[in-house]
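K.L.:
Here's my sequence, what's the structure:
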Amino acid sequence: MAAFFAQLLADLRATSALEGVTVALGFVYVVLAVRRSRWCWVYGGLSSAGLAWLSARAALPMQGLLQAFYVAMAVYGFWRWSAEREAGGQVRVGWWPWRAHVAGWIAIAVLTFAASNALARYTHAAQPLLDAACTAGSLLATWLAARARIENWLYWIVVDAALGVLYAKQGLALVTLLYFAYLGMAMVGFASWLRRHPGGAAA
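P.N.:
Presented below is the predicted three-dimensional model:
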C-alpha cells in the first residue's frame, strides 16, 4: 500500500495540463449530476473527450472507446434531461425494473469475457480483464444515468473504485484521484436522488 501511494505522488508530479483540465471538468460534471442539472452533460462530454485521448496514450483501448461513447451519450443525456425536467428545472428520477438489472448483469459478463479475450489476443492492452469489465459496467451505468435511474449511482460506486485502480496502474495520478472522488460523489448522489424518490425498485 505504501508503494502504491508513493508511486501515486510521483505520478502527480508528472501530471500534464490536459489531464488537469480533464479532471476539473469531470469533477464539475459529477457535482452537477448530483444536483440533477442537465448542464452536467456538457462538462461530462468535454471531460470524456480529454479522457479518450489520455486512455489511448495509456494503452487502455477499451477505456478510450468508452470515453468516446460517453461523448455521444452526453448529447443524448442533455436532450433526455431537458425533456424530463420538473418544475424547478431538475430532471425527474426513478427506478429501473429488477428484471432489467438481471439482463444487464448477464450482458456485462458476456461482454467482459468476449472483450477481455479479444484484447489479450489482438492488442497490447495493459489490463485486458479489468479494462473490459470496467467498460461493460460503465456502459450500463451511463445508460441508466442518461435515463435518470437512481441505480446508476450504485453501478458507479463499483465501477469508479475499479477504474481508480486501473488508472493508477497506468500512472495517471490525477485521473486516479478523480475516480476516487467520483466514488465518494456517487455515494452522495445515490443518497440525494433516493431522497427525491424513496420508493423501491420497480417490479
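
K.L.:
Grab the nearest non-local neighbour of Q90.
P.N.:
Of all residues not flanking Q90 in the chain, R36 sits nearest, at 3.9 Å (Cβ to Cβ, 6 or more residues apart in numbering). Just so you know, the C-beta spots here come from the backbone N, C-alpha and C atoms, and that holds for glycine as well.

K.L.:
repeat for I108
P.N.:
Closest residue to I108 apart from its sequence neighbours, by Cβ to Cβ, 6+ apart: A136 at 4.3 Å.

K.L.:
Could you report the pLDDT at the residue nearest to Q90?
P.N.:
Note for R36: predicted pLDDT of 90.

K.L.:
List the residues that contact it.
P.N.:
R36 sits next to 81, 90-91, 93, 148, 193, 196 when contact means Cβ atoms under 8 Å, 6 or more residues apart in numbering.

K.L.:
Against R196, how distant is E86?
P.N.:
To R196, E86 is 9 Å away according to Cβ to Cβ, to the nearest Å.

K.L.:
Look at the two and report which has more neighbours.
P.N.:
With neighbours defined as other Cβ atoms under 10 Å, E86 and R196 compare such that R196 has more, 14 against 11.

K.L.:
from what I can see the more buried one touches V93, true?
P.N.:
Yes: between R196 and V93 there is a contact at 5.5 Å, judged by Cβ atoms under 8 Å.

K.L.:
show me where this structure has helices.
P.N.:
With DSSP state H as the criterion, the chain has helices at 2-13, 17-34, 40-57, 61-83, 98-122, 128-146, 152-169, 173-196.

K.L.:
Could you tell me which ranges of this protein sit under the pLDDT cut-off?
P.N.:
1-15, 87, 198-203 (pLDDT under 70).

K.L.:
Centroid-nearest residue for it?
P.N.:
Centroid-nearest residue in the chain, with Cα atoms, centre = their mean: S138, separated by 5.4 Å.

K.L.:
What are the neighbouring residues in contact with that residue?
P.N.:
S138 makes contact with 66, 159, 163 under the criterion Cβ under 8 Å, 6+ apart.

K.L.:
before we move on, what about A132?
P.N.:
62, 111-112, 115-116, 119.

K.L.:
Please apply the same query to A109.
P.N.:
Taking Cβ under 8 Å, 6+ apart, one finds A136 in contact with A109.

K.L.:
Thank you kindly, that will do.
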